[in-house]
Structures are given as structure tokens and as C-alpha cells.
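Colleague: Fold the following and give me the result.
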Amino acid sequence: MSATLVSISDLHFSWGGSREIFSGVDLKIPAGKITAIMGPSGTGKTTLLRLIGGQLKPVSGSIQFQGQEIPKLNRKALYQARRSMGMLFQSGALLTDLSVFENIAFPIREHYSFSEPMIRDLVLMKLELVGLRGARDLMPSELSGGMARRVALARATVMDPVLMMYDEPFTGLDPVTLGTIVSLIKELNQALGLTSIVVSHDIHETFSIADYVCILSEGKIVAAGSPDELQKLDSEFVHQFVNGIPDGPMPFHYPAEEFSKDLLGSDL
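Modeller: A predicted model of the protein is given here:
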């Protein structure tokens, strides 16, 4: 039984006090494993990552990371906790005015007073892991989309985080680059002893690397287990989501009055 790195209990969150996103989410992220957070669009998957990282605060509930209650940390303590977190944004979010080398060196310079030779060694080691050591002097505008994603991955891991969070890491990639990113996530998790949370809509790629999968819907975790367990689960909702069936518990049609009445007009 793996230890728990992130523990979420009875989490409630809403936008503007009206649009409820989470209504009692309970979730445990096991250390050393890859946990996928999946679900229909608009269910709050990225929002959950932002809550774990302390960018947002819940209305109520508990979010513990390494035993610390994230929503209750002051700015200094939260800043310290984030040193143990890495985040791969969907867009990559590279700093456009800095070279590949300086993008990866940026977090080190921000947090530590290391010597330039040490910074150089750390950056080159991370670039070697993602296969881009030779691209160190390129600018972000000179990178392909896949290369930019790999540079962002090197930057996210340069501080040797305990927890890595991936927000839609497979979106918009060609098949070769997609396969590369899938392999890198799994290999880095094993080689660096990471715990990973992957938010994604891509069933095949996510199921191929995830140890556990949690499916969000209507503010709660509606199913959880290994990919094999979910595929065998007797649930119409899970079956529809995993197999991409257009209609089912998640209806194709947005709620509306009867079509014939709407077409003829309510006054006829």
C-alpha cells in the first residue's frame, strides 16, 4: 500500500459563490504513482490542480500536501511548499524573451543562489533527459510545439519536485511527439521517483501510463480504480466516457422543450 502524498477531503469550490464546481470531493494521491484525473469538459479538472497548488482556495474542505494544509498556508509557507511541486501547463508557458537554457535556469535562479557552473550542469542534465541538450541556445519562437512541450517539462522538473502535475499534456501533438511525451512522463516518474497527477481527455494515452484513474462529474468523483478496473466497471457513465459514445448518461442534447413545440412557436 503506497503512502498518500496528497489527501483531499470533502472539498467544496464554486466560482463567484454561485457556480458550484466541487461538492464534496474526496481523493487520495498515492506517492510514487501516476494518477489520472479525467472527466467531461467543464468538470473542474484543471481547477483541481490549481487548488492543490494553492492558486485557488476552496470554499471548504481539506487539501493536504506532505501533511501541510495548503489552503491555510501563508504566502511564505506556500512559496516554500511549491518548491516541491512541478507543473506542466497545456501551453508550455515558456518565457518568450529567454532562451531554452534560461527558461530552465529561471526557477533555480529564483529560489537558490547556486554558482553558474552548478546551474549549467543542472540545466544540461534536465535537457539531456528530454533529448534537447543541443537546443539550449534556441529561443521559444524557434521551437516546434513538441519541442516547446519538452522544454517546459525540463523546466518543471529542474527543481526535482516531489509532485508533478500535468495539465492536458497530450493536446495538439503529432503522433510521434505524443508518443514521446507519454514515454517521458512514465520514465521521469520512475527515474526521478516522482508522484504525478495527469489531467487529460486522451483515454488511450492516459490509460497506458496511469496507475490509477479518477473520473470527475457533477462535482464529485464518480469512479476510481486502475485502468483495467474502470474498463470492467458496470457503469453506463464510465462506459460512455471511456468508449466515447455520443449519447447516454451524458446526453447529446442540451435540455430544451419538445422540438415540435419549439419549432412551431409557443403561441401556436
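
Colleague: got the contact list for residue 260?
Modeller: Contacts for residue 260 (C-beta atoms under 8 Å, 6 or more residues apart in numbering) come out as none. For glycine as for every other residue, the C-beta is placed from the backbone atoms N, C-alpha and C.

Colleague: A helix includes it, no?
Modeller: Yes. Under DSSP: H, G, I helix; E, B strand; the rest coil, residue 260 falls within a helix.

Colleague: Model confidence for it, exactly?
Modeller: Predicted confidence (pLDDT) at residue 260: the value is 72.

Colleague: do the same with residue 135
Modeller: 91.

Colleague: gap between it and residue 176?
Modeller: Distance, residue 135 to residue 176, by C-beta to C-beta, to the nearest Å: 17 Å.

Colleague: Same check on residue 156?
Modeller: From residue 156 to residue 176 the distance is 21 Å (C-beta to C-beta).

Colleague: more crowded one of these two?
Modeller: In this view residue 156 and residue 176 are compared by other C-beta atoms under 10 Å, and residue 156 has more residues nearby, 23 against 9.

Colleague: ok, and for the helix or strand where residue 186 lies, which residues are buried?
Modeller: Using DSSP states H and E, residue 186 falls within helix 175-191. Of all the residues in helix 175-191, those buried under the rule 16 or more other C-beta atoms under 10 Å are 177-178, 180-182, 184-185, 188-189.

Colleague: What's the first helix or strand after it?
Modeller: Next helix or strand after helix 175-191 toward the C-terminus (DSSP H and E): strand 195-199.

Colleague: In terms of secondary structure, what does the helix or strand bottoming out on mean pLDDT in the chain contact?
Modeller: In the chain, no helix or strand scores lower on mean pLDDT, DSSP states H and E than helix 236-243, which sits at a mean of 72. Here helix 236-243 touches strand 212-217, strand 220-225, helix 227-232, going by 3 or more C-beta pairs under 8 Å, 6 or more residues apart in numbering; DSSP states H and E.

Colleague: how about those in a markdown table, adding mean neighbour count?
Modeller: Shown next, in a markdown table, are the helices and strands packed on helix 236-243 (neighbours: other C-beta atoms under 10 Å):
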| stretch | mean neighbour count |
| --- | --- |
| strand 212-217 | 23 |
| strand 220-225 | 16 |
| helix 227-232 | 15 |
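
Colleague: Out of these, flag the one nearest residue 30.
Modeller: Of all the helices and strands packed on helix 236-243, strand 212-217 sits nearest to residue 30, with 6.9 Å by C-beta to C-beta.

Colleague: what about residue 25, helix or strand, and which?
Modeller: Per DSSP H and E: strand 19-30 holds residue 25.

Colleague: Repeat that for residue 11.
Modeller: With DSSP H and E as the test, residue 11 turns up in strand 4-15.

Colleague: which outside residues touch that strand?
Modeller: 20-31, 44, 47, 51-52, 56, 58-66, 162-163, 195, 197.
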